[in-house]
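Student: What would the 3D arrangement of this be:
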Amino acid sequence: MDAGASALQQSITLRQAKKLVQCMAHEQSFLLLSPPGVGKSEMVYQAAAEAGLPCRSLLGTQIAPEDVSGVPKIVGERSVFCPPRLLLPEQPQPFCLFLDELPACAPDVQKAFYSLLLERRLGEHALPTGTWVVAAGNRQHDRALVRAMSSALVNRVTVLNLRVDPAEWLDWALKAGIRADIRSFITFMPDALMREVPHDPEPFSTPRAWSQLSQALDKAEASGILNRDTRRALAFGRLSAEDAAVFCALADEAVGTLSPVESYIERPDTLPSGETARWFVLNCIRQNVAAGRLGKVKPSAIARFLRSLPTEHQLHLLTDLVAQWGALGADKAMLALLRKVTRA
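Tutor: Numbers count the residues shown, from 1 in each chain. Down below sits the predicted model:
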């Protein structure tokens with residue numbers, strides 16, 4: 001693997017990126033890159049608010065070069081460029097300058113940002129001391145409105161590739177009032193928080209999509225119009241189809257708030273009675289075992305849990321994971337029997 005490919009794999013979470021921005025954005029310009037819907041913009045506004053800085057933003061898809069460099073004004077016998085008030089306010093107090101969708105800017109606009117990103121200057125005018133400069137945008141392979149960025153621009157910023165961290169999002173979601181059924185679903189299916197950008201322009205699951213679905217369901221519920229059909233319409237209109245289908249199926253069975261996977265292992269009698277919900281929980285347990293994410297459970301509880309299940313469910317959990325279950329404390333005799341069955 002070459003150095004360039006290795007660099008592309010380096011990523012950090014939103015929380016880590018916020019700490020870096022708050023630490024050094026007054027001296028170094030940042031460019032935050034991620035798929036759509038991760039929460040870049042909200043993180044920048046939150047970081048600035050915590051630092052006591054007002055945040056002023058420019059949207060890359062809606063600005064022209066003169067919106068950055070300013071327009072000329074005749075002073076005496078000279079032409080002087082007057083930067084816009086948004087970038088150079090009359091009161092020279094520090095602020096956070098947020099350049100949203102920078103990769104979507106036209107080449108002339110990108111060039112206009114060169115001195116701003118590196119020297120914190122607009123022509124002969126310097127930004128107020130302590131001002132942050134933070135840019136954000138999507139990547140070329142995200143199928144968003146993105147243009148090729150010049151090497152000169154990239155070399156003027158610190159590029160931070162962001163990734164979604166389910167634990168961070170769940171912590172934020174609890175404080176933000178995201179619905180309990182959505183938080184429970186993401187706890188069980190963390191991969192559903194962020195799906196790959198689809199090839200065709202269709203809904204797909206992102207942190208933003210789940211947040212907006214929560215708001216929509218709350219409004220529909222408050223208006224008395226939330227039922228099976230409206231829930232499905234809203235979910236399939238926001239999420240990846242596979243996530244919307246499972247989320248709605250669980251809601252149809254009135255599963256409510258799901259418990260941690262470990263509690264179902266310790267108390268198999270609490271497994272959901274509905275077929276869809278039961279298979280969903282079992283599949284989540286399997287994923288946790290496969291990924292090594294299962295919390296501490298006594299070996300005796302592991303063995304008791306597996307013995308309590310019908311053979312069909314045992315096979316689903318154990319196929320290709322016999323060694324992992326054995327390491328957790330599954331009964332050796334039962335594992336040997338099931339190994340023979342799966343080979344048959």
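Student: Please spell out which residues along the host helix or strand of E168 are buried.
Tutor: For E168, the element it lies in under DSSP states H and E is helix 166-176. Residues of helix 166-176 classed as buried: 166, 169-170, 172-173 (neighbour count, 16 or more other CB atoms under 10 Å). C-beta coordinates here come from the backbone N, C-alpha and C atoms, glycine included.
Student: following it, which helix or strand shows up next?
Tutor: Using DSSP H and E, the helix or strand that directly follows helix 166-176 along the chain is helix 180-188.
Student: Give me the angle between that next one and helix 166-176.
Tutor: 170 degrees (axes from the mean of the first three to the mean of the last three CA atoms, to 10 degrees).
Student: on contacts alone, who are the packing partners of helix 180-188?
Tutor: helix 166-176, helix 207-222, helix 241-252, helix 275-291 (3 or more CB pairs under 8 Å, 6 or more residues apart in numbering; DSSP states H and E).
Student: Ok, which of those comes nearest E262?
Tutor: E262 lies closest to helix 275-291 among the helices and strands packed on helix 180-188, at 8.6 Å (CB to CB).
Student: Please state the offset of the helix or strand following the closest one from the chain centre?
Tutor: Using DSSP H and E, the next helix or strand after helix 275-291 towards the C-terminus is helix 299-308. Offset of helix 299-308 from its chain centre (CA atoms, centre = their mean, to the nearest Å): 35 Å.
Student: Quick check: what element follows helix 299-308 along the chain?
Tutor: helix 311-318.
Student: Flag every buried residue along that next one.
Tutor: By 16+ other CB under 10 Å, the buried positions in helix 311-318 come out as 313-314, 316-318.
Student: Give me the mean pLDDT for that helix.
Tutor: Averaged across helix 311-318, pLDDT comes to 86.
Student: likewise stretch 226-246?
Tutor: 95.
Student: can you tell me the distance between the two ends of it?
Tutor: One end of stretch 226-246 to the other measures 18 Å (CA to CA, to the nearest Å).
Student: Buried ones in that stretch, by neighbour count?
Tutor: Residues 226, 231-232, 234-236, 238-240, 243-244, 246 are the ones in stretch 226-246 that count as buried (16+ other CB under 10 Å).
Student: ok, now stretch 107-124?
Tutor: Buried positions in stretch 107-124, judged by neighbour count with 16+ other CB under 10 Å: 109-114, 116-118, 120, 122.
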